[in-house]
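>>> Kindly return the folded structure for what I paste below:
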Amino acid sequence: MSIKIVIAGPRGRMGSEAVSMVLEEPSFSLIGCVDRIVSPISIMEENHIPVFTSFEECLYTLPDVDVLIDLTVAESGFNHIMMALEHKVRCVVGTTGFTSQQLNDIQDTAVKNQTGCIVAPNFAIGAVLMMHFSKVAAKFFPDVEIIEKHHAQKIDAPSGTALKTVEMIKEVRKSRDQGHIYELETMIGARGATDDGVHIHSVRLPGHVAHQEVIFGGDGQTLTIKHDSINRKSFMEGIKLSVKQVMQLNDYVYGLDNILDLT
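Next comes the predicted model:
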């Protein structure tokens, strides 16, 4: 049987790619979409797929949804996910910008309802490997900074990928201050944001998709681990894998690394 999927955010760059991927995957069935804009979407009309402006209406009309793929923004995405989990609809979430409290609430609701939920800051397999290799490197290079670059329309900064990278680095790296002990920013923000001493620099420019460099410094050497998503097709294999995997889950997973065999 095919996995019945609803996509929230089909009009966006990520969402439109996800629509194409789901339509092309034989084991998936796209049964509906949720979009805040009323105007029609041609690919939806061509494939006779209903579009709802309310996820509540979508669930009422389509009671047999297996998986929600949410690719919206944090404000609406959080409401979609919580509603889906309460109705025991599994979730694959590429939306970023959630607060720690919101992620905790999503986790608690998934566990309470024994419903699978995968939240991934980045679905590109190469980006997941970049984060994994960065964690390995941080054991030997504790001085590290991150430069992440995204398209100009990205709302949240730092990116979810950068925050996840720091989270993984912190698992193996002791907290430390970096740079000169008397370092002074003559322009506020010049050194970027910091998390546990790791500096994160966010670039937002047209022409970019999603890019990150993790730069490690040691005596007489540097190590740079870099990943570039050239277009949004790079995220589709990770979403496809997550949809298949979430059907086997009854709890919450944060990060694609936790469903890949990286040992």
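>>> Run through the bridge partners of Ser229.
Beta-bridge partners recorded for Ser229 (DSSP bridges): Ala210.
>>> number of nearby residues for it?
For Ser229, the neighbour count with other C-beta atoms under 10 Å is 20. For the C-beta atoms, the positions are set from N, CA and C on the backbone; glycine is no exception.
>>> Quick check: it touching Ala124?
Yes - Ser229 is within contact range of Ala124, at 5.2 Å (criterion: C-beta atoms under 8 Å).
>>> what touches both of the two?
Common neighbours of Ser229 and Ala124 (criterion: C-beta atoms under 8 Å, 6 or more residues apart in numbering): 210, 235.
>>> how about stretch 97-113: buried residues?
For stretch 97-113, burial by neighbour count (16 or more other C-beta atoms under 10 Å) applies to 97-98, 102, 105-107, 109-110, 113.
>>> from the chain's centre, how far out does it sit?
The chain centre lies 15 Å from the centre of stretch 97-113; the measure is C-alpha atoms, centre = their mean, to the nearest Å.
>>> what about the helices in this structure?
Assigned by DSSP state H, the helices in the chain fall at 13-24, 42-46, 55-61, 74-86, 100-112, 125-138, 160-170, 236-246.
>>> which of those helices sits most buried?
helix 160-170 (a mean of 22; mean count of other C-beta atoms under 10 Å).
>>> Need the CA coordinates for that one. PDB is fine.
The C-alpha coordinates for helix 160-170 follow below in PDB (Å, rounded to 0.1, in the frame of the first residue of the first chain):
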ATOM      1  CA  GLY A 160      18.800  25.100  12.000                       C
ATOM      2  CA  THR A 161      21.800  23.300  10.400                       C
ATOM      3  CA  ALA A 162      24.300  25.600  12.200                       C
ATOM      4  CA  LEU A 163      22.500  25.200  15.500                       C
ATOM      5  CA  LYS A 164      22.400  21.400  15.100                       C
ATOM      6  CA  THR A 165      26.100  21.400  14.200                       C
ATOM      7  CA  VAL A 166      26.900  23.200  17.400                       C
ATOM      8  CA  GLU A 167      24.700  20.900  19.400                       C
ATOM      9  CA  MET A 168      26.600  17.900  18.100                       C
ATOM     10  CA  ILE A 169      30.000  19.600  18.600                       C
ATOM     11  CA  LYS A 170      29.100  20.300  22.200                       C
END
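>>> what packs against it?
helix 125-138, strand 143-150, strand 193-195, strand 198-204, strand 210-218 (3 or more C-beta pairs under 8 Å, 6 or more residues apart in numbering; DSSP states H and E).
>>> repeat that for 7 Å
Helices and strands touching helix 160-170, by 3 or more C-beta pairs under 7 Å, 6 or more residues apart in numbering; DSSP states H and E, are helix 125-138, strand 143-150, strand 198-204, strand 210-218.
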